[in-house]
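I would like to see how this sequence folds:
(6 chains)
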Protein chains: 4
Amino acid sequence: MSFEFLPDKPIYQQLIDRITGELIRGVIRPGEKLPSVREYAVEAGVNANTMQRVYKELEGMGITETKRGQGTFVTENPERLQTLREERKAQLIADFLRDIEALGFTREEITDYMTGRGRND
Amino acid sequence: MSFEFLPDKPIYQQLIDRITGELIRGVIRPGEKLPSVREYAVEAGVNANTMQRVYKELEGMGITETKRGQGTFVTENPERLQTLREERKAQLIADFLRDIEALGFTREEITDYMTGRGRND
Amino acid sequence: MSFEFLPDKPIYQQLIDRITGELIRGVIRPGEKLPSVREYAVEAGVNANTMQRVYKELEGMGITETKRGQGTFVTENPERLQTLREERKAQLIADFLRDIEALGFTREEITDYMTGRGRND
Amino acid sequence: MSFEFLPDKPIYQQLIDRITGELIRGVIRPGEKLPSVREYAVEAGVNANTMQRVYKELEGMGITETKRGQGTFVTENPERLQTLREERKAQLIADFLRDIEALGFTREEITDYMTGRGRND
DNA sequence: GTGGTCTAGACCACG
DNA sequence: GTGGTCTAGACCACT
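Predicted coordinates for the structure are as follows:
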């Protein structure tokens, strides 16, 4: 097994996105133990160092906690996960709107297009 | 004078976005002569090599044409500009939707949020 | 029952510090019998291997003695406890002063701050 | 040339401490360009990856900014450096006092010792 | 030239 | 077994 990665974004970033995405969707739950660095590295088809970096970054984000010699666990604190979700959403949208305007589109034109109105007119 | 650039996106990309955005908004018009690479580089506060790359990519995109000894001009072809506009829009949205899913959100949740419905319910 | 441990220091070290601290404060007295490795491990909420290591290091430091079949006892020798106390103090301070200098502070600035002078001037 | 490193602390941490120390002492000034990752790595006698990590961590701390293709610079913002200094000092002392108490010493006993009174009595 | 990412493989301390 | 650090060497995008 080995994941598919986009060529234009760092692998470690895509892995972070993937894991936080699973957290947001509830695939991974608070308190749950994540696979070991080495296990996950093999599963994802990346080097252990790359996975190590992912785990460290997640810990820096307050998403995981590591218990020495035992492994890495999703933080029990559900608030953090909730704010994570909202932060992500707000950031995603802010970036998108910024791009829209930089390229000369209006917000309405884009949202109309996305909600399907653009295709039916 | 020197433009403001976001730290997370290549400067040359931001310049391309800027120029195509001005094209889409009509700030720059078909047939119009663009500043020389050196002039524009100074104005933007970037290295001449960076500006050179911008012009080269714009030409590769079929947006500009170089007339030797005269300078760089926006293509006269209005169809190209129209397709450019649509290509950009489609690309922008496709990327956005990809990110949404990668991070565990649903398309509806995001569009609701963007169109304001998410805040009023 | 299970002790609280700081995340950045080895658990076995924190346990050694705790026990020597109790010795210094007189909570534990020379000649006193310590709990068995297993008992103490359960009480502290740590792995028995970890506790084993703590006892081993304490014995290596000359703080405890093991009487086969009877258990582990704090050394009767009061001089050893006295030197232990001084060694600890000197080590603690030496490390602290080293850190101070490594980070660009002067010894005076820090001691002034600690003794309260830094806040009242 | 190659720096001396203590064996019990990660090299990258010691390098971070060193650089922030130079910042605190004013050896390095706001806006100044730091040596390139590779240069500094050679000078310190460490691998370029290790130095890379140091620079990234510094950036994460808000101490440096990197201008793509140009290098890494100390942030111009002097407030950040000031708070850095105070944070460092407070952290250093808090850790020290914690250790003191964990080991059964009183704060007075230690500060007396450090300010020289302990040696003259 | 610059910072940044990735791999491969080794070694360590901790529990 | 776990996470963490370090080296060596390669490759990439950006300026």
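
the spatially most central residue of chain A in helix, strand or coil?
Among the residues of chain A, the one closest to the centroid is residue A:17, at 2.0 Å (C-alpha atoms, centre = their mean). Using DSSP: H, G, I helix; E, B strand; the rest coil, the three-state assignment for residue A:17 comes out as helix.

quick one, helices of chain A?
Here chain A has its helices, by DSSP state H, at A:11-25, A:37-44, A:48-60, A:78-102, A:107-114, A:117-120.

of all those helices, which one is nearest chain B?
Minimum separation from chain B across the helices of chain A (C-beta to the nearest C-beta) falls at helix A:11-25, 3.6 Å. From N, CA and C alone the C-beta is placed, and that goes for glycine too.

mind checking the pLDDT average for the closest one?
Across helix A:11-25, pLDDT averages out at 92.

okay, buried residues for that helix please.
For helix A:11-25, a neighbour-count test (16 or more other C-beta atoms under 10 Å in any protein chain shown) marks A:11, A:12, A:14, A:15, A:16, A:17, A:18, A:19, A:20, A:21, A:23, A:24 as buried.

can you pull the pLDDT of residue A:51?
Residue A:51 carries a pLDDT score of 97 in this model.

spit out the contact partners of it.
Each residue near residue A:51 by C-beta atoms under 8 Å, 6 or more residues apart in numbering or on different chains is listed here: A:15, A:37, A:38, A:40, A:41, A:44.

returning to what we had before: can I get the buried residues of helix A:11-25 in JSON lines including distance to residue C:5?
Converted to JSON lines, these look like this (distance: C-beta to C-beta, whole Å):
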{"residue": "A:11", "distance to residue C:5": "34"}
{"residue": "A:12", "distance to residue C:5": "30"}
{"residue": "A:14", "distance to residue C:5": "34"}
{"residue": "A:15", "distance to residue C:5": "30"}
{"residue": "A:16", "distance to residue C:5": "28"}
{"residue": "A:17", "distance to residue C:5": "33"}
{"residue": "A:18", "distance to residue C:5": "32"}
{"residue": "A:19", "distance to residue C:5": "27"}
{"residue": "A:20", "distance to residue C:5": "28"}
{"residue": "A:21", "distance to residue C:5": "32"}
{"residue": "A:23", "distance to residue C:5": "26"}
{"residue": "A:24", "distance to residue C:5": "31"}
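
just to revisit the earlier point, relative to DNA strand E, how far out is the residue nearest to the centre of chain A?
According to C-beta to the nearest atom of the strand, to the nearest Å, residue A:17 and DNA strand E sit 12 Å apart.

what's the answer for residue A:66, then?
10 Å.

now that residue. Nearest residue, chain neighbours left out?
residue A:72 (4.8 Å; C-beta to C-beta, 6 or more residues apart in numbering or on different chains).

how many neighbours does that neighbour have?
By other C-beta atoms under 10 Å in any protein chain shown, the residues close to residue A:72 number 20.

domain map for chain A?
As given by automatic domain parsing, the domain ranges for chain A are A:11-76, A:80-120.

among these, which one carries the weakest average confidence?
For the domains of chain A, mean pLDDT drops lowest on domain A:80-120, to a mean of 79.

and that one, how far out from the chain middle?
17 Å (C-alpha atoms, centre = their mean, to the nearest Å).

ok, that domain near chain B or not?
Yes: Domain A:80-120 is in contact with chain B by C-beta under 8 Å from any C-beta of the partner chain, via A:88-89, A:92-93, A:96-97, A:99-100, A:102-105, A:107, A:109-111, A:113-115.

which of those residues are buried?
Buried positions within the residues of domain A:80-120 next to chain B, assessed by neighbour count (16+ other C-beta under 10 Å), are A:88-89, A:92-93, A:96-97, A:99-100, A:103-105, A:110-111, A:113-114.

near residue A:6, how many other residues are there?
Using other C-beta under 10 Å, residue A:6 is surrounded by 11 other residues.

I meant residue A:78, not that one.
Using other C-beta under 10 Å, residue A:78 is surrounded by 11 other residues.

contacting residues for it?
residue A:30.

can you pull the pLDDT of it?
75.

what bridges to the residue nearest to residue A:58 when sequence neighbours are not counted?
Closest residue in space to residue A:58, ignoring its immediate chain neighbours: residue A:64 at 4.5 Å, by C-beta to C-beta, 6+ apart. Bridge pairing for residue A:64 (DSSP bridges) gives the partners residue A:74.

does residue A:64 touch residue A:57 like I think?
No: contact criterion C-beta atoms under 8 Å: residue A:64 and residue A:57 do not qualify, at 9.5 Å.

residue in chain A nearest to DNA strand E?
At 2.4 Å from DNA strand E, residue A:69 is the closest residue in chain A, using C-beta to the nearest atom of the strand.

look at residue A:9 and say how many residues are nearby.
If you count neighbours by other C-beta under 10 Å, residue A:9 ends up with 12.

what distance do you get for the residue of chain A closest to DNA strand E to chain D?
Remark: distance between residue A:69 and chain D (C-beta to the nearest C-beta, to the nearest Å) = 18 Å.

compute the number of surrounding residues for that residue.
Using other C-beta under 10 Å, residue A:69 has 10 other residues around it.

what do you get for residue A:58?
Around residue A:58 there are 22 residues (other C-beta under 10 Å).

just to revisit the earlier point, of the helices of chain A, which approaches residue A:5 most closely?
helix A:11-25 (5.2 Å; C-beta to C-beta).

contact residues of chain A facing DNA strand F?
A:34, A:36-39, A:48-49, A:52, A:55-56, A:59, A:66, A:68-72 (C-beta under 7 Å from any atom of the strand).

so how far is residue D:95 from residue A:77?
24 Å (C-beta to C-beta, to the nearest Å).

returning to what we had before: the residue nearest to residue A:66 touches residue A:33, doesn't it?
Yes: with contact defined as C-beta under 8 Å, residue A:72 and residue A:33 form a contacting pair (7.2 Å).

residue C:64 versus residue A:46, what's the distance?
Here the criterion is C-beta to C-beta. By it, residue A:46 lies 47 Å from residue C:64.
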